[in-house]
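Novice: below are the sequence and a predicted model; questions follow.
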Amino acid sequence: MHTIGASIKKLLRGIVASTLLLLALTLLVPSGLAASPSPIAGQRLMGGLAATGSSIPTLGIVQQWSLTAPEPGVLDEFGYAVAMDGSAAVIGARNADPNLGGGPIDDAGAAYVYVHNGKTWVLQTELAAKDASPGDTFGVSVAISGNTIVVGATGVNLEDQDEEDGELNDAGAAYVFTRSGGDWVQQVKLVANDPVEEDSFGSGVAISKNTVVVAAETKDLLPLVDVGAAYVFYNSGGKNWKQQAKLLPPDPWLGDYFGTSVTIHGDLLAVGAPQFDPVEGSGTGKVIVFKREGKIWVQEARLEAENGRLADAFGNSVAIYGRTVVVGAHHADPDLGGGRVTSAGAAYVFTDNGNEWKEEATLVAYDGGVFDQFGQSIDIYGSTIVVGADGATQAGNSGAGAVYVFTKKNGTWNLATRAVTDPTSADDAFGKSVGVYRDWFIIGASGRDPNAKTRAGEAFLSLLGAVQLPNTGFAPGQQTTLPSQPSYLAYENYGEMWLEIPSLQEKMTIQGVPKGDNGWDVRWLSEGAGYLEGTAFPTWSGNTGLAGHTVLPDGTPGPFARLHTLQWGDQVSIHAWGKRYIYEVRENSLVQPNTLNVLRHEELDWITLITCQGYDEKSGKYRWRRVVRAVLVAVVDE
């Protein structure tokens, strides 16, 4: 019976796939392929002056660890799924070949647990299913809460109870491991109470204390195929895990893929259905929020993007913290200022105000490009959101990937940092998966090639620091005594490189200022300008940060004291290597000290001049940063 059902299912899938393909092709029109806006499109050719060596800043990251499997294998895809909680992180490698004593088991999959020992991250153990078989894809999804880890395995075959010696191929399973001391032990294997062939049970997993949610994104609700479902399991103690609920979409239709993403926090859980078909067409997507009342899970909200469009795939990723849900739509086509950008992606933040769930913010990549897939992965902890864009192009490498970290302050979500790999390669898929816990975040790059092993995969653990734009001023009218400059904060001398601001009649040398855990210490610049290391090197394409004092240590005005008077079109020049690089001012604004996105990467050659403004005598600090941004318009011989 299951063989005939599988054949019918494959036929229906083909019809759905053909329909979706036709719909997708209608979207790929030239007007949808808009590039990121250029301040002066006519000068785009100038971006090629120093295209090689461009630096893309990861300004908020103060520490980073690169992790690989102990024995990376070709196509293992280590980092396909990641999760972290406390001082532990778990990384899935869905195609790894674990050896349980009888030799490697092809594509059975594995998961790796790393712990932080106070100084660094070390491998604690490798997890594999006790009953591992070829093609199980154990590690396709992972989740951790305290001393419990859940790992999904969509390729697991189960015994067919209705047919002697029959198997339900790819029905799927999820495995629960518990920690005792430093040992992780398999506690139970979870399966649906109604398994069918090709359910993909385990496509997503989530855990909150003693409750586990397992998704089965291709579960059928006959005659509708691939509707999807989510199963809730509750542990009343010991190994006593029982299925508490089976959740279905309230208005199911074929190909919804309800369960492509799942998340849980306390008595709230959310399930994504990225191929949901509203009136507007296929694949706009939705997320259903459920609330537990006693032992019953009831629908609390249905979330959709206010500006949702055809084939956005809203709900391909979802995360919850408290009463906030963040949803990825990796095929959304946001308007980034120069028209809609096909599949650049977006993320949507929803909050519950006590009466209803409301869309609070839309997050996009400021440098989003075609098929970046911002929103491929997503996670939230407190006031921090991490979003992966595994299709982003870096240094000409398509599919290299990028990750964006947003933090909430005074009710507004702002970009805190942007992370990329260095060096980068095509199809690294950096950002395929992400996780966050307090100031730590983990990034999976399942397409990386460590040890020259194709798609063996890699993961990165990073600590987000409290980086701010540099403090470039002293107390006005007062003498400030400076300590000796330590050697580890020594500035770099670039020889005959200097900055000129003709309208201010200012000329000054440029020195390199190293970036520390909290940013750049520019106290010893005197009357010079400081290049902020980690931004694009001066005269290279990208965005070069240059800081200067508004008030000198002796209390008199510094070289950047009149930066606020610069206007659109005013020129700023960098003199170097017998050339004069001429920039024209395009922006002049006041920002808060933590507004790091003024140093965002640009495709052209930009410079960003930074100084302080608004001295507060009570605190002895400057309240604002004055920021002037200018773009390269010409290069001439001296």
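Specialist: Now that the structure is in, tell me what you want to look at. Residues are numbered from 1 along each chain as shown.
Novice: now the element after the helix or strand hosting residue 509, going C-ward?
Specialist: Residue 509 belongs to strand 506-513 when assigned by DSSP states H and E. Using DSSP H and E, the helix or strand that follows strand 506-513 in sequence is strand 515-516.
Novice: packing partners of that next one?
Specialist: The helices and strands touching strand 515-516, judged by 3 or more CB pairs under 8 Å, 6 or more residues apart in numbering; DSSP states H and E, number zero. Bear in mind the C-beta positions are built from the backbone N, C-alpha and C, glycine included.
Novice: in its sheet, what does that strand sit against?
Specialist: Partners of strand 515-516 in the sheet, by DSSP bridges, are strand 519-520 (antiparallel).
Novice: in the stretch 501-638 of the chain, where is pLDDT below threshold?
Specialist: Within the stretch 501-638 of the chain, the stretches with pLDDT under 70 are 517.
Novice: follow-up on the earlier one: just checking: what are the partner strands of the strand holding residue 509?
Specialist: strand 492-501 (antiparallel), strand 529-532 (parallel).
Novice: check which residues of that strand are buried.
Specialist: By neighbour count, with 16 or more other CB atoms under 10 Å as the criterion, the buried positions of strand 506-513 are 506, 508, 509, 510, 511, 512, 513.
Novice: what's the answer for stretch 336-346, then?
Specialist: So stretch 336-346, judged by 16+ other CB under 10 Å, has buried residues 336, 340, 341, 342, 343, 344, 345, 346.
Novice: for stretch 552-559, same thing?
Specialist: Residues 552, 553, 558, 559 are the ones in stretch 552-559 that count as buried (16+ other CB under 10 Å).
Novice: just give me the neighbour total for the closest residue to residue 139 other than its chain neighbours.
Specialist: Counting by CB to CB, 6 or more residues apart in numbering, residue 139 lies nearest to residue 92, which is 3.1 Å off, once chain neighbours are set aside. By other CB atoms under 10 Å, 34 other residues sit near residue 92.
Novice: what helix or strand does residue 92 sit in?
Specialist: Using DSSP H and E, residue 92 sits in strand 88-93.
Novice: and the residue nearest to residue 634 when sequence neighbours are not counted, how far from residue 571?
Specialist: Excluding its sequence neighbours, the residue lying closest to residue 634 (CB to CB, 6+ apart) is residue 582, at 4.5 Å. Distance from residue 582 to residue 571, counting by CB to CB, to the nearest Å: 6 Å.
Novice: and the next element down the chain from the strand holding residue 92?
Specialist: Note on strand 88-93: by DSSP H and E, the next helix or strand toward the C-terminus is strand 110-116.
Novice: so which residues make contact with whatever helix or strand comes next after that next one?
Specialist: Counting by DSSP H and E, the element after strand 110-116 in chain order, helix or strand, is strand 121-127. With contact meaning CB atoms under 8 Å, 6 or more residues apart in numbering, strand 121-127 is reached by 65, 67, 70, 88-90, 98, 110-116, 149, 151, 175, 177, 182-184, 186, 461.
Novice: in strand 121-127, what counts as buried?
Specialist: Buried residues in strand 121-127, counted by 16+ other CB under 10 Å: 121, 124, 125, 126, 127.
Novice: residue 210 against residue 232, yeah?
Specialist: No. Residue 210 lies out of contact with residue 232 (CB atoms under 8 Å); the separation is 11.3 Å.
Novice: so which of the two has more stuff around it?
Specialist: Just comparing residue 210 and residue 232: by other CB under 10 Å the higher neighbour count belongs to residue 232, 22 against 15.
Novice: can you give the domain ranges for this protein?
Specialist: What automatic domain parsing lists as the domains of the chain is 70-177+186-464, 487-637.
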